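J.: What follows is a predicted structure for the sequence shown.
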Amino acid sequence: MSDQTALVDGVTVLVTNHMLPGTLHKETKSAGDPASMDHVVRRLALKLGRVGTSIDELCTVVECDKAGRPPLPEHSAGAEWLRSRAEAACVLHEKPKTLLMGRDLIDLGLRPGVGFKPVLEEAFNRQMSGEIKTHEDAVAFAQSWLARGTTDASPRFRPLPTPGG
């Protein structure tokens, strides 16, 4: 992808989503729980990060849009709210980092293969929804997934052989 294409993609996503902070802020106010939209904030950070931009840049676009037309507001409540929620979720300047990695599954004694994908995807989905918050939570999730035998359907998802076994 050229630098010009990346720039166009980033600007397109920012412009497309520039009304979202105000909408989310209003929905959160009516719900009464500031954390009720955190899963949406994490997904938005992921979406923006995939094209090389961030929630902080989105909030700057929102503030510029508000400042460019009357009546001129003192601030953008939606942008302020989104910045504070994104900062609390550690996704203000970048997309969420994946907490569970293939190497964690290998450390649990599994062979690398296509069977990793469902575990890793489910762990990431739970991370985005807020169920998994730390690396330790993610590893515990993988252990419980394996204990349930959820991966038995995959012939490539087998424990590594034990030495001498």
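T.: Yep, that arrived.
J.: May I have the lowest-mean-pLDDT helix or strand in the chain as CSV, with CA atoms only?
T.: Using mean pLDDT, DSSP states H and E, helix 20-31 stands out as the lowest-scoring helix or strand of the chain, at a mean of 87. What follows is helix 20-31, C-alpha atoms only, in CSV (Å, rounded to 0.1, in the frame of the first residue of the first chain):
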residue,chain,number,x,y,z
LEU,A,20,-19.6,8.7,16.6
PRO,A,21,-18.1,10.3,19.7
GLY,A,22,-21.1,12.5,20.2
THR,A,23,-23.5,9.6,19.6
LEU,A,24,-21.6,7.3,22.0
HIS,A,25,-21.5,10.0,24.7
LYS,A,26,-25.3,10.6,24.5
GLU,A,27,-26.0,6.8,24.6
THR,A,28,-23.7,6.5,27.7
LYS,A,29,-25.4,9.4,29.4
SER,A,30,-28.8,7.8,28.9
ALA,A,31,-27.5,4.4,30.1
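J.: Could you figure out how far the next helix-or-strand element following that helix is turned away from helix 20-31?
T.: Going down the chain from helix 20-31, the next helix or strand is helix 38-49, by DSSP states H and E. When axes from the mean of the first three to the mean of the last three CA atoms, to 10 degrees is applied, the directions of helix 38-49 and helix 20-31 differ by 170 degrees.
J.: tell me what helix 38-49 is packed against?
T.: helix 3-16, helix 20-31, helix 55-67, helix 77-88, helix 116-129 (3 or more CB pairs under 8 Å, 6 or more residues apart in numbering; DSSP states H and E). In short, each C-beta sits where N, CA and C put it, glycine included.
J.: With mean neighbour count and distance to A138 added, can I get the ones you listed in a markdown table?
T.: Output for the helices and strands packed on helix 38-49, formatted as a markdown table (neighbours: other CB atoms under 10 Å; distance: least, CB to CB, whole Å):
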| stretch | mean neighbour count | distance to A138 |
| --- | --- | --- |
| helix 3-16 | 13 | 27 |
| helix 20-31 | 16 | 26 |
| helix 55-67 | 19 | 22 |
| helix 77-88 | 20 | 19 |
| helix 116-129 | 17 | 5 |
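J.: what's the least confident stretch among those?
T.: Ranked by mean pLDDT, the helices and strands packed on helix 38-49 bottom out at helix 20-31, with a mean of 87.
J.: Contacts for that helix, please.
T.: The contact list for helix 20-31 (CB atoms under 8 Å, 6 or more residues apart in numbering) reads 34, 36-37, 40-41, 44, 58-59, 62, 76-79, 81-82.
J.: now do 10 Å
T.: 17, 34-38, 40-41, 44, 55, 58-59, 61-63, 66, 76-83, 85-86 (CB atoms under 10 Å, 6 or more residues apart in numbering).
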